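**Q** here's a sequence, model it:
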Amino acid sequence: MKQILILTCTIALVFPIALMGCNHDAGQKAELENLKTALEKTESERDDLKARIDVVTQARDKLREQLMEFGSLRDQLQKQVEDLTQSRDAAVATAKNAQEQINNLETKLQIETQKISQIGNQLKQIQTAINEIQDKLNM
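**A** Below you'll find the model as predicted:
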């Protein structure tokens with residue numbers, strides 16, 4: 001009887017402990033399922049972020065290419081501006097030279113016109129003198 005009592009007490013003590021261990025396993029299983037769900041969610045978010053990073057990286061690379069193209073275009077435009085500036089400066093220099101030549105020719109023309117006017121006056125004086133001499137001779 002004593003043995004039955006000990007056996008009954010042992011079973012009474014061990015059974016709740018065993019059940020508690022089973023319940024503990026159920027808690028661990030639930031926690032494990034929660035962790036698995038959280039891990040899947042985190043992995044899904046990570047995959048989404050990787051996809052976003054890829055999109056952003058591609059956009060960045062395209063922008064870099066465009067920036068390089070714009071830099072090249074800017075260099076070409078700068079070269080054209082320099083060429084046009086040199087052409088304009090050359091045209092301005094040519095125009096200044098032409099204006100100086102025009103001014104010189106105008107001055108020479110005025111001088112020559114004055115000389116012709118003086119020669120014309122001298123010619124008139126000579127003609128008048130010749131006419132006077134002829135008149136004196138004819139008289």
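**Q** pLDDT (mean, whole number) over the helix or strand hosting Lys41?
**A** Using DSSP states H and E, Lys41 sits in helix 2-138. Across helix 2-138, the average pLDDT comes to 88.
**Q** chain center to it: distance?
**A** Taking the mean of its C-alpha atoms, helix 2-138 sits 0 Å from the chain's own mean (CA atoms, centre = their mean, to the nearest Å).
**Q** by contact count, what packs against that helix?
**A** Applying 3 or more CB pairs under 8 Å, 6 or more residues apart in numbering; DSSP states H and E, we find helix 2-138 packed against no helix or strand. Placement of C-beta: from N, CA and C, glycine included.
**Q** for Gln114, what are its contacts?
**A** Contact analysis of Gln114 by CB atoms under 8 Å, 6 or more residues apart in numbering lists nothing.
**Q** one more: Gln80?
**A** No contacts exist for Gln80 under CB under 8 Å, 6+ apart.
**Q** and Asp89, by the same measure?
**A** By CB under 8 Å, 6+ apart, the contact set of Asp89 is empty.
**Q** next, find the distance separating it from Glu82.
**A** From Asp89 over to Glu82 the distance is 11 Å, taken as CB to CB, to the nearest Å.
**Q** for Leu105, same thing?
**A** 35 Å.
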